[in-house]
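Enquirer: Build me a model:
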Amino acid sequence: MKQLRFSFLLTAFLLINSFLINSQVVYYDATHFPLLGKITDETETKFERLPCYLKGNVSRPAIWSLGKNTSGLAIRFRSNTTSVSAKWEVLQNISMNHFTETGIKGLDLYTWENNKWQFVNTARPKEASTQQSIISNMTPQEREFMLFLPLYDGVKSLSIGVDSTSTMTSPQTNYPTIEHPIVVYGTSITQGGCATRPGMSYTNILMRWMNREFINLGFSGNGKLDYEIAEVMAKRNDAGMFVLDFIPNVDISQIKERTKHFVKIIRKENPETPILFVESIVYPHSVFDVNIANYLIEKNKALLAEFNEISMNGDKNVYYLKSDGLIGDDGEGTIDGVHLTDLGFQRFARVIMDKIQSILP
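Expert: Okay, here's the model as predicted:
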């Protein structure tokens, strides 16, 4: 009896001790791991989107400020941990009345499972600085992870926590592939407004579905065909495609005055790379607001006219995506009549993916 009791106590001690060891979390600076979604590495800090030479050299300061947002950026790592935690500090700690805080400044964790990127869990922000467990009690096996960064805030610092007894290394697979990334330029919708969490913006959805790097150059309210952004895009002459999704932020005169020159700047370095023009989505409330309906029609007509002129002038690598069915026809694809819900983003991503796959080999 005494031997049986001793054996039981020893087993219990070992189990508790093992639990305590595994429950200890070691944090690793995320800057030491591969970062997807950057147009350039020449940035002021690690976690931002625009090159440092644009600081003080943009036509509108809002562009530089929005470039600090980490939309489309994702950390890749590998670990055999049973838990993943995060410590992060955001730049502005902003809130909006139509946008979840998880989407604005949260983190989204995915893992490669059954030949696809599988959602694991979301890290919910609490204050400007947050420390939080994302997932626990996983089986201890090697996994490839991808952690999406906030859509509408910047990141001052980020550390990823794993079990103290586990390993944490750079990924062993080239997933998503970084060869010939697809560069997407646009508006608040492109940036991810108003996805409930970072993984649900359409460029992040496409990065998972197509297992290919997407670079997000969406600037909320500021996708106005600024030529300095075209210059930045042009430097990525390894891009597989450029997607131009700017119509919601420009008026008809800007479409006519700036579209061809914006494309010309890109073409200087990328004469053959496919360029896809995307019409504005049809806002659900335009079914009732006649003025909005007519304005959207006229803007899309203006874009089509620019596209036709570029094509007729000899550019054989331009393509066009009409607004039909971009977010469905049931009126359920937006949160406020303009910005997309997760459902709207999935529908939008599906249509764009089909178009991209019809163009690229």
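Enquirer: And the strands in the stretch 51-200 of the chain?
Expert: 74-79, 84-90, 107-113, 116-123, 129-135, 143-148, 155-163, 168-169, 177-186 (DSSP state E, counting those that start in this stretch).
Enquirer: Now those strands in TSV, please, with extra columns for mean neighbour count and mean pLDDT.
Expert: For the C-beta atoms, the positions are set from N, CA and C on the backbone; glycine is no exception. What follows is the strands of the stretch 51-200 of the chain, written out as TSV (neighbours: other C-beta atoms under 10 Å; pLDDT from 0 to 100):
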stretch	mean neighbour count	mean pLDDT
strand 74-79	22	98
strand 84-90	22	98
strand 107-113	21	98
strand 116-123	18	98
strand 129-135	16	98
strand 143-148	23	98
strand 155-163	21	98
strand 168-169	16	98
strand 177-186	20	98
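Enquirer: Indicate which one of those strands is closest to W209.
Expert: strand 116-123 (8.3 Å; C-beta to C-beta).
Enquirer: Show me what the closest one is packed up against.
Expert: Strand 116-123 sits against strand 84-90, strand 107-113, strand 129-135, with contacts defined as 3 or more C-beta pairs under 8 Å, 6 or more residues apart in numbering; DSSP states H and E.
Enquirer: same thing but 10 Å
Expert: Applying 3 or more C-beta pairs under 10 Å, 6 or more residues apart in numbering; DSSP states H and E, one finds that strand 116-123 makes contact with strand 84-90, helix 101-105, strand 107-113, strand 129-135, strand 143-148, helix 202-210.
Enquirer: Format these as a markdown table; extra columns: distance to V351.
Expert: Below are those laid out as a markdown table (distance: least, C-beta to C-beta, whole Å):
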| stretch | distance to V351 |
| --- | --- |
| strand 84-90 | 32 |
| helix 101-105 | 21 |
| strand 107-113 | 22 |
| strand 129-135 | 31 |
| strand 143-148 | 22 |
| helix 202-210 | 10 |
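Enquirer: Nearest residue to the residue nearest to the spatial centre of the chain in space, please, no chain neighbours.
Expert: For the chain, the residue nearest the mean C-alpha position is G72 (2.4 Å; C-alpha atoms, centre = their mean). Of all residues not flanking G72 in the chain, N216 sits nearest, at 2.7 Å (C-beta to C-beta, 6 or more residues apart in numbering).
Enquirer: swap in L217?
Expert: L217 sits nearest to Y185 (C-beta to C-beta, 6+ apart), 4.6 Å away.
Enquirer: ok, A86 - contacts?
Expert: Counting by C-beta atoms under 10 Å, 6 or more residues apart in numbering, A86 touches 27, 30, 75, 106-107, 109, 123, 130-134, 147, 158-161.
Enquirer: again with L296
Expert: Counting by C-beta under 10 Å, 6+ apart, L296 touches 247-248, 279-283, 286, 289, 323.
Enquirer: What subset of those is buried?
Expert: Among the contacts of L296, those classed as buried by neighbour count (16 or more other C-beta atoms under 10 Å) are 247-248, 279-283, 286, 323.
Enquirer: Show me which of those is closest to P171.
Expert: Using C-beta to C-beta, I281 is the member of the buried ones among the contacts of L296 that lies nearest P171, at 34.5 Å.
Enquirer: Quick check on the closest one: phi, psi?
Expert: phi -60, psi 160 (degrees, to the nearest 10).
Enquirer: How far away from the center of its chain is the strand or helix carrying L343?
Expert: L343 belongs to helix 342-359 when assigned by DSSP states H and E. Centroid displacement of helix 342-359 relative to its chain, using C-alpha atoms, centre = their mean, to the nearest Å, is 14 Å.
Enquirer: got the angle for that helix vs helix 202-210?
Expert: 60 degrees (axes from the mean of the first three to the mean of the last three C-alpha atoms, to 10 degrees).
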